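Visitor: just coords:
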Ligand SMILES: Nc1ncnc2c1ncn2[C@@H]1O[C@H](COP(=O)(O)OP(=O)(O)OP(=O)(O)O)[C@@H](O)[C@H]1O
Ligand SMILES: [Mg+2]
């Protein structure tokens, strides 16, 4: 079990070596990167929007109920909603959800290509298959996920505003005041950096499991499960590490 | 010419190829035959370098493939075309994009030249009208033909075919066999074909190697094969009821 873990780590780094070496034609790669941005990024916008809006609204409701006290000013609700979205939800939780969607998608796509010999076919043509298949996905998600994080923050905060407005639980003016209370623009940058790091983890880890799948469709299913579990764990570990490094 | 010398290959502790040595000739359709699981695919993949071998050497003309470094291997691979057992077309690309990919990656052709070359290759396999379809929209025979078009688009010097007509009806099989033979003669390619289809053997077997349980058991031509004395080979060749009957009629 432990031996297997270190074997996987070793093979993962070897694969990364292959991914980031000997890129073929740039124009072919940029075309594929744009394609992957649409497949992996654009197609995740709706899911991100729905989840972020609801979480934003729920956080505001929860805060309004919990902080119902004469001593705590109402704008603290807006403030807490913003902090929750920026610090953890929009980067980490969205990354976890995308690990499920994007990670399983990547692992099963590449895994299927492996077992149907499409990867062998690329290798025989003289293509660096790891780089050809994985690099565009990495570039696409690392560029796109930070934007998705920013988008999630905005949608979440708007969701909070909507619920405040609709239920009248706090005054919209107070909510907005809270949003800008002690606001550090750096924290947004920090969230986006986390988004980029998580994107890298999800994409490369899932690609790893797909790339080394073997056998039949059962194994591809198993590879995509492994991909989701491993990227989720990696996200949590790196969340801790990054928080320690960047906030300390 | 492709020559393998004393190749051994095992997976974990199971030996799949044992001391295989054979020479395949240029401009001819060379066949590797044998029962399912005898190691044909492994031998083919070992020759092109998809499986590393445990020991032994592989020569492409005068170049020792097993001793080449990564970059030179990559160069040599551009001269290799391969048709996989399942076709192995890229699912997310159309027929045209599949055939065009090697041109995009490895040539400096203009758009127009690429289009002409792809058209030429698709015409060669008689698939002019299908260029916008995706692999999932093709029949088994069409997939094989696209795979052939893709394999020849860079004018390879070596062509490897893993069961090019498995799963096809006899007529389509003959079409594919003839296509491969014509291409081989026309461009003077060294072609190696894995098959367990006796029709192909009689059609294409200019040189035949029979693999049995990972060893080379027999080699010869289609003229020799019916009269060969080898028991395992005879069992293989005359396995079908029709062949049995034909044999007894001949006697
Ligand atoms: N990647 C692999 N790992 C482990 N064993 C393998 C692998 N590939 C093939 N084998 C084993 O090697 C043996 C030969 O397999 P191979 O695919 O070469 O057979 P084949 O002659 O091509 O059969 P078929 O005609 O059915 O395609 C089989 O027993 C198979 O189990
Ligand atoms: Mg086979």
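Guide: Ah, there it is. Keep in mind the model is a prediction, meaning the values are calculated, not measured. Ligands and ions are numbered 1, 2, ... in the order given.

Visitor: what stretches of the chain score poorly on pLDDT?
Guide: No chain in the question, so chain A it is. Within chain A, the stretches falling below the threshold (pLDDT under 70) are A:22, A:70.

Visitor: oops, wrong one, chain B.
Guide: Residues of chain B meeting the criterion pLDDT under 70: B:250-251.

Visitor: what residue is smack in the middle of it?
Guide: For chain B, the residue nearest the mean C-alpha position is residue B:161 (1.6 Å; Cα atoms, centre = their mean).

Visitor: can I take it that that one is in a strand?
Guide: Yes. With DSSP: H, G, I helix; E, B strand; the rest coil as the criterion, residue B:161 is part of a strand.

Visitor: close to ligand 1: what parts of chain B are there?
Guide: B:11, B:16, B:34, B:36-42, B:196 (Cβ under 6 Å from any ligand atom). No exception for glycine: its C-beta is placed from N, CA and C like everyone else's.

Visitor: so which of the residues you listed are in helices?
Guide: Residues of those located in helices (DSSP state H): B:40-42.

Visitor: mind giving me the packing neighbours of the biggest helix by length in chain B?
Guide: Using DSSP H to assign secondary structure, the helix with the most residues in chain B is helix B:170-187. For helix B:170-187, the packing partners by 3 or more Cβ pairs under 8 Å, 6 or more residues apart in numbering or on different chains; DSSP states H and E come out as strand B:29-33, helix B:140-152, strand B:158-162, strand B:190-195, helix B:198-204.

Visitor: show residues contacting whichever strand or helix holds residue A:59.
Guide: Per DSSP states H and E: residue A:59 is located in helix A:45-66. Where contact means Cβ atoms under 8 Å, 6 or more residues apart in numbering or on different chains, the residues beyond helix A:45-66 that reach it are A:76-78, A:80-81, A:84-85, A:89-90, A:93-94, A:97-98, A:101, A:148, A:151-153, A:155-160, A:162-164, A:167, A:169-170, A:175.

Visitor: now restrict the residues you listed to buried residues only.
Guide: By neighbour count, with 16 or more other Cβ atoms under 10 Å in any protein chain shown, the contacts of helix A:45-66 hold A:76-78, A:80-81, A:84-85, A:89-90, A:93-94, A:97-98, A:101, A:148, A:151-153, A:155-157, A:159-160, A:163-164, A:169-170, A:175 as buried.

Visitor: what's the closest non-adjacent residue to the most centrally placed residue in chain A?
Guide: If you average the C-alpha coordinates of chain A and look for the closest C-alpha using Cα atoms, centre = their mean, you land on residue A:95, 2.9 Å from that point. If the residues on either side of it in the chain are set aside, residue A:95 comes closest to residue A:198, at 3.7 Å by Cβ to Cβ, 6 or more residues apart in numbering or on different chains.

Visitor: likewise for residue A:195?
Guide: On the basis of Cβ to Cβ, 6+ apart, the spatially nearest residue to residue A:195 that is not a chain neighbour turns out to be residue A:149, at 3.5 Å.

Visitor: check which helix or strand that neighbour maps to.
Guide: Residue A:149 is part of helix A:129-167 when elements are defined by DSSP H and E.

Visitor: tell me the angle of that helix relative to helix A:45-66?
Guide: Note on geometry: by axes from the mean of the first three to the mean of the last three Cα atoms, to 10 degrees, helix A:129-167 and helix A:45-66 are set 40 degrees apart in direction.

Visitor: ok, residue A:187 to residue A:5 distance?
Guide: According to Cβ to Cβ, to the nearest Å, residue A:187 stands 34 Å off from residue A:5.

Visitor: mind checking which of these two has more residues around it?
Guide: residue A:187 (17 against 9; other Cβ atoms under 10 Å in any protein chain shown).

Visitor: which residues touch that one?
Guide: When contacts are counted by Cβ under 8 Å, 6+ apart, residue A:187 is found next to A:86-87.

Visitor: before we move on, the earlier item: possible to save the residues of chain B next to ligand 1 as CSV with distance to chain A and neighbour count?
Guide: Output for those, formatted as CSV (distance: Cβ to the nearest Cβ, whole Å; neighbours: other Cβ atoms under 10 Å in any protein chain shown):
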residue, distance to chain A, neighbour count
B:11, 11, 9
B:16, 15, 19
B:34, 20, 25
B:36, 16, 7
B:37, 16, 11
B:38, 19, 22
B:39, 17, 22
B:40, 15, 25
B:41, 10, 20
B:42, 12, 22
B:196, 18, 17
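
Visitor: can the residues you listed go into CSV with extra columns for distance to residue A:16?
Guide: Shown next, in CSV, are the residues of chain B next to ligand 1 (distance: Cβ to Cβ, whole Å):
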residue, distance to residue A:16
B:11, 26
B:16, 30
B:34, 39
B:36, 38
B:37, 35
B:38, 37
B:39, 33
B:40, 34
B:41, 30
B:42, 29
B:196, 40
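
Visitor: if we can go back for a sec, the residue nearest to residue A:195 and residue A:212, how far apart?
Guide: 30 Å.

Visitor: of those two, who's got more company?
Guide: residue A:149 (29 against 15).

Visitor: next, the contact list for that one, please.
Guide: Applying Cβ under 8 Å, 6+ apart, we find residue A:149 in contact with A:90-91, A:94, A:191-192, A:194-195.

Visitor: the same query, at a cut-off of 6 Å, please.
Guide: Taking Cβ atoms under 6 Å, 6 or more residues apart in numbering or on different chains as the definition of contact, the neighbours of residue A:149 are A:90-91, A:191-192, A:195.

Visitor: cool, residue A:220 as well?
Guide: For residue A:220, the contacting residues are A:108, A:111-112, A:213, by Cβ under 6 Å, 6+ apart.

Visitor: A strand includes it, no?
Guide: No. Membership of residue A:220 in a strand is not supported by three-state DSSP, which gives helix.

Visitor: name the nearest residue to it, ignoring sequence neighbours.
Guide: The nearest residue in space to residue A:220 (Cβ to Cβ, 6+ apart) is residue A:111, at 3.9 Å.
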